[in-house]
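**Q** Next come a sequence and a model predicted from it.
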There are 2 protein chains.
Amino acid sequence: MHYQRASVAERRYLPPAVAVSVVAFALRPPVDAERGAASDAAHGSSTAIAAPPTMWLPLVRRTRAPFLGEWALPGGPTEWDETLADTALRTLRAAARRDPRHLEQLYSFGGIERSADAQRLVTIAYWAQYGERELDAEPAREGERPRGREAARDEERDQDQDQDQDQDREQPPAPRPRRWDDPLPPLSSRDSGDAGAAETAEALEQPAGENVAWFSIDALPQLAFDHAEIIDHAVARLRAKTEYAAVAHRFLGESFTLGQLRAVTEAILGQAVDPANFRRQSLARGGLIDTGELDSGGAHRPARLYRFSEPDRP
Amino acid sequence: MHYQRASVAERRYLPPAVAVSVVAFALRPPVDAERGAASDAAHGSSTAIAAPPTMWLPLVRRTRAPFLGEWALPGGPTEWDETLADTALRTLRAAARRDPRHLEQLYSFGGIERSADAQRLVTIAYWAQYGERELDAEPAREGERPRGREAARDEERDQDQDQDQDQDREQPPAPRPRRWDDPLPPLSSRDSGDAGAAETAEALEQPAGENVAWFSIDALPQLAFDHAEIIDHAVARLRAKTEYAAVAHRFLGESFTLGQLRAVTEAILGQAVDPANFRRQSLARGGLIDTGELDSGGAHRPARLYRFSEPDRP
DNA sequence: GCAAAAGTGTTACTCGTACACCCATGA
DNA sequence: TCATGGGTGTACGAGTAACACTTTTGC
């Protein structure tokens, strides 16, 4: 459109473009994923979740001018008919080949370092979570339409931090043509190239699957733009969540033992948690439902399996 | 620029414009301000802060197409050389004729109800606080440059909610041309019209001073767009702040009694607080400095005056 | 003196933490 | 039988809420 034709000198006078970056956490890389750096800790068994020491996230290696060759968060500019959350989903899927289990807005960064003559860019950062199920699923092929549109539905709902009593939003008075940030209609097949503001400095070419690797947050590489800040921000947000259980359970599968949930919490917090107290507090806080089943896997007393009451998939 | 020349049909294919909305709280309207609705409670004395029952905020009456005649939050699109925070400051100043004491990013709303052929708009919501000093200051004239650039400096720092340990951001590796969201250079004299994306649905013509009124949050009028949601959000954020004292003191002047601080806290929370416990906890939490002076104003024992340690004005 | 708010003291209760201890299973 | 994690009981301390009480002013 007009953007492409604007000269370099003209571009800086255009209003800022809107892009999205996604910090997508998981307890481990997907089985088929490239691992970036720090591959010392042996992640032996494929599916079993045993004492996860840290969290991982996918990064994309830049193949363009600013910060060429460095690693950056998945993301890119919004398409004209996409919600912010859908842009996050689409770009994350292009990088990780999977839809996340949870997606939530993090913060808007007005500025990113760029050359003076580039168009300005407002980056809306999102953070996402992958559960065991998503990591085990075979990678989606390019061109398929994303599954799990529910993930976007969470967004802009419980983005608030603590005891935010999710006030219901009443319908607007006037005819409601459809918020362009609504959960969203068919994502048509038009992810071929970078239309719109794609020439922007941070704009991301769809990674073909190469140039993507998963990194432990303990061993991150040099990062492009201010993405290191964004990740710090996301980690802080994750840890600040008072409702640990609500966040932690999304890293796991459908059902889980309290031991697993505690291990995840310890991975998030980066420190040990008393098992006895964790049990009591988790159960007291509510949201955990005893399935009645037992997990007879380990060389010890079988543990009860729980589900989380949150309707993850309606 | 290009935007103006784009036809209506073309506009919807443009990338979203970026605009800002500001929820600016104060304990009372400025003396010279128009009061909207609910003017029953007699606000007798001009300067004395006596048992403020609620919070107030400025709204702007729309003089354009969607939601014409309804009230909306101060705000508007970003200029090409403005940071997000500066856009918030500029538009808030245009409405309230005053610079706030504190400004902080709230949340990004991807969508706002609009007609299908209008350009999309991403709204970054900010919330601001006015103190007694700002409310008493004579209104700034149109065309002056804003004072109190410090306010913008807060922004993007402590936006996080609770125990966020303000991690220092290291300098970027490459030459740093200047983040376009930096605290910001001379705001030149160009607030004459709406350049750029100003034709956008929500775009705001600088209010000449009319069409602006202050409302109690207990008696808000019908609001345009999803601004009611944004206000709810801002109020929730304000109440969720654990460090009440740090937030509350900004509503007051340079020095204040603990009784005043408690009254402000009660206004924020909307409920009574035990004076004895409030005193102990406030002092224990630190940040309050006994000035040694006394406030001999009321028909009772004089109260010590305190300052807050936060360097509000460096 | 009396009202009213400043300021102090005391108690009870809640919640998080630490840790001792029993339970049930696989090897 | 022993090691291991599941699961229960309990005591201690910090922080908070509730409220009685004293102090100091203006009227």
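**A** Nice, thanks for sending it over. Residues are numbered from 1 along each chain as shown, chains lettered A, B, ... in the order given.
**Q** Where do the strands of chain A begin and end?
**A** A:17-25, A:56-61, A:71-72, A:75-77, A:102-109, A:121-129, A:212-216, A:256-257, A:288-295, A:303-308 (DSSP state E).
**Q** helices or strands up against the first one?
**A** If I follow you right, that is strand A:17-25. Judged by 3 or more Cβ pairs under 8 Å, 6 or more residues apart in numbering or on different chains; DSSP states H and E, strand A:17-25 is in contact with strand A:56-61, strand A:75-77, helix A:84-96, strand A:121-129, helix A:227-240. To be clear about C-beta, it is placed using only N, CA and C from the backbone, and glycine gets the same treatment.
**Q** One more pass at 10 Å, please.
**A** strand A:56-61, strand A:75-77, helix A:84-96, strand A:102-109, strand A:121-129, helix A:227-240, strand B:17-25 (3 or more Cβ pairs under 10 Å, 6 or more residues apart in numbering or on different chains; DSSP states H and E).
**Q** swap in the fourth one?
**A** When contacts are defined as 3+ Cβ pairs under 10 Å, 6+ apart, strand A:75-77 packs onto strand A:17-25, helix A:84-96, strand A:121-129.
**Q** Include mean neighbour count, distance to B:Gly259 and mean pLDDT when you put the ones you listed into CSV, please.
**A** Below are the helices and strands packed on strand A:75-77 laid out as CSV (neighbours: other Cβ atoms under 10 Å in any protein chain shown; distance: least, Cβ to Cβ, whole Å; pLDDT from 0 to 100):
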stretch, mean neighbour count, distance to B:Gly259, mean pLDDT
strand A:17-25, 27, 45, 93
helix A:84-96, 26, 45, 93
strand A:121-129, 25, 42, 92
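**Q** What I need now is these written out in TSV, including distance to DNA strand D for each item.
**A** Conversion of the helices and strands packed on strand A:75-77 to TSV gives the following (distance: least, Cβ to the nearest atom of the strand, whole Å):
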stretch	distance to DNA strand D
strand A:17-25	22
helix A:84-96	29
strand A:121-129	22
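**Q** Figure out which of these is closest to B:Glu229.
**A** helix A:84-96 (15.6 Å; Cβ to Cβ).
**Q** any residue of that closest one up close to chain B?
**A** Yes - using Cβ under 10 Å from any Cβ of the partner chain, helix A:84-96 reaches chain B at A:84-87.
**Q** Any residue of stretch A:227-244 touching DNA strand C?
**A** No - for stretch A:227-244, no contact with DNA strand C is found by Cβ under 7 Å from any atom of the strand; the gap never falls below 8.8 Å.
**Q** Among the residues of helix A:84-96 next to chain B, which one lies nearest to B:Val18?
**A** A:Leu84 (11.7 Å).
**Q** excluding its backbone neighbours, what's nearest the closest one?
**A** Among residues not flanking A:Leu84 along the chain, B:Gly110 sits closest, at 3.8 Å (Cβ to Cβ, 6 or more residues apart in numbering or on different chains).
**Q** got any ranges where the stretch 1-150 of chain A has weak pLDDT?
**A** A:1-15, A:37-53, A:111-119, A:141-150 (pLDDT under 70).
**Q** what residues are up against the closest residue to A:Pro30 other than its chain neighbours?
**A** Once flanking residues are discounted, A:Pro30 sits nearest to A:Leu135: 4.7 Å by Cβ to Cβ, 6+ apart. By Cβ atoms under 10 Å, 6 or more residues apart in numbering or on different chains, the residues touching A:Leu135 are A:26-33, A:46-47, A:56, A:96, A:98, A:101, A:214, A:251, A:253.
**Q** try 8 Å this time
**A** By Cβ atoms under 8 Å, 6 or more residues apart in numbering or on different chains, the contact list for A:Leu135 reads A:26-31, A:98.
**Q** Show me how to select, in ChimeraX, the buried members of those.
**A** The following ChimeraX line selects those of the contacts of A:Leu135 that are buried, judged by 16 or more other Cβ atoms under 10 Å in any protein chain shown:
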select /A:26,27,28,29,30,98
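**Q** Would you reformat the contacts of A:Leu135 as a markdown table and include distance to B:Ala303?
**A** As requested, the contacts of A:Leu135 are exported to a markdown table (distance: Cβ to Cβ, whole Å):
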| residue | distance to B:Ala303 |
| --- | --- |
| A:Ala26 | 55 |
| A:Leu27 | 54 |
| A:Arg28 | 58 |
| A:Pro29 | 60 |
| A:Pro30 | 62 |
| A:Val31 | 66 |
| A:Arg98 | 61 |
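**Q** what does the stretch 151-300 of chain A put close to DNA strand C?
**A** A:274, A:276-277, A:280-281, A:284, A:296, A:298-300.
**Q** hang on, the earlier thing: the residue nearest to A:Leu84: neighbouring residues, count only.
**A** 26 (other Cβ atoms under 10 Å in any protein chain shown).
**Q** closest one to B:Trp71 among the strands of chain A?
**A** Taking Cβ to Cβ, strand A:102-109 is the member of these nearest to B:Trp71, at 24.7 Å.
**Q** what residues go with each domain of chain A?
**A** A:2-240, A:244-308 (automatic domain parsing).
**Q** CSV for the helices and strands packed on strand A:17-25, including distance to B:Ala234?
**A** Supplementary listing: the helices and strands packed on strand A:17-25 in CSV, determined by distance: least, Cβ to Cβ, whole Å:
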stretch, distance to B:Ala234
strand A:56-61, 31
strand A:75-77, 27
helix A:84-96, 20
strand A:102-109, 15
strand A:121-129, 18
helix A:227-240, 19
strand B:17-25, 4
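**Q** dump the residue contacts of A:Phe25.
**A** Counting by Cβ under 8 Å, 6+ apart, A:Phe25 has contacts A:55-57, A:127-130, A:217, A:234, A:238, A:251.
**Q** and it, how far is that from A:Ala85?
**A** 17 Å (Cβ to Cβ, to the nearest Å).
**Q** about what we covered before: return the two entries of the residues of the stretch 151-300 of chain A next to DNA strand C that lie farthest from one another.
**A** The widest separation within these (Cβ to Cβ) is 29.4 Å, between A:Ala284 and A:Ala299.
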